[in-house]
Structure formats: C-alpha cells, structure tokens
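Asks: Show me how the following folds:
(one chain, ligands or ions: 1)
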Amino acid sequence: MALVTFTSPDYKDKTVYAVAGSHTETLLKIAKGYKVPIDFDCEDGECGTCAVRVKSVDDKQRMGYHLTEKEKSVLREIGKLSKADLEKLIVDDLPSEWRLACQMIVRDEDILVEY
Ligand code: FES
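Replies: As a prediction, the model looks like this:
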C-alpha cells in the first residue's frame, strides 16, 4: 500500500491509499476513483493535459520510476522537461518529478502529487 496525497492550490489536499504495483492502476485512475479533479484528455500519454509533479512526502530519495517513451516526448513538447533535464535523469538514474498521471503506475512509496 502506498499513500498518495493529492495537492492543488484550488482544492483541499486529499490523501488516499493506493494498491502499489498493480500495473493497471495509473495515478489518473486512482485520482478519478477518489474524485480528485486532475485535468485529463486523451488518457493515452499523448496530450500532456494530465502532467503532474510528483515528490516524496518525506524528502527521502524517491524510487527509480522511469519515464515511458511517450512521457519523455510529451513532457518535452509541453516544456516541463528540457533535453538537458532528461539527460541528467538518465545519467544520474533519478526519477523525474514531472509525470503524466495517465501513464504513471504507483509504486510502494508515499508520494505527494501536485496538480
Ligand atoms: S491525459 Fe493526455 S497525456 Fe495524460
């Protein structure tokens, strides 16, 4: 189980339990299930509408989430990640703060999601 806290300047924070590593539950699916109003459109990693910022709740080193190829190109297109950012993530093997909620599968760690 992972605790996912959704936070937005426009809404009250909401913390929910997510079943980690189910391989089907995307962050967007979880948000929709709990009526968290993350914007979305295509739900297929193409449009970038669902871009969110994901952080560790306690500033621990986050687990190695790897961006999908779709996320890499869309996050670059919408200006969330530069080519240099992407190269640094790969070289340092770091998880990206920016993710597409419709593509991200929740792992077993507590996270803060800014939308
Ligand atoms: S809803 Fe289009 S990229 Fe996620």
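Asks: quick one: contacts for residue 58?
Replies: Residue 58 makes contact with residue 110, according to CB atoms under 8 Å, 6 or more residues apart in numbering. Heads up, the C-betas are built off the backbone N, CA and C, glycines and all.
Asks: so is it in a helix, a strand, or just coil?
Replies: coil (DSSP: H, G, I helix; E, B strand; the rest coil).
Asks: Now do it, the pLDDT please.
Replies: Here the pLDDT value assigned to residue 58 is 72.
Asks: Flag every buried residue along stretch 5-21.
Replies: Neighbour-count burial for stretch 5-21, with 16 or more other CB atoms under 10 Å as criterion, is recorded at 6-7, 18.
Asks: which of the residues you listed lies closest to the ligand?
Replies: Comparing those against the ligand with CB to the nearest ligand atom places residue 6 closest, at 15.4 Å.
Asks: Quick check: the closest one is in a helix.
Replies: No - per three-state DSSP, residue 6 lies outside any helix segment and is strand.
Asks: now it: how far from residue 83?
Replies: Here residue 6 is placed at a distance of 30 Å from residue 83 (CB to CB, to the nearest Å).
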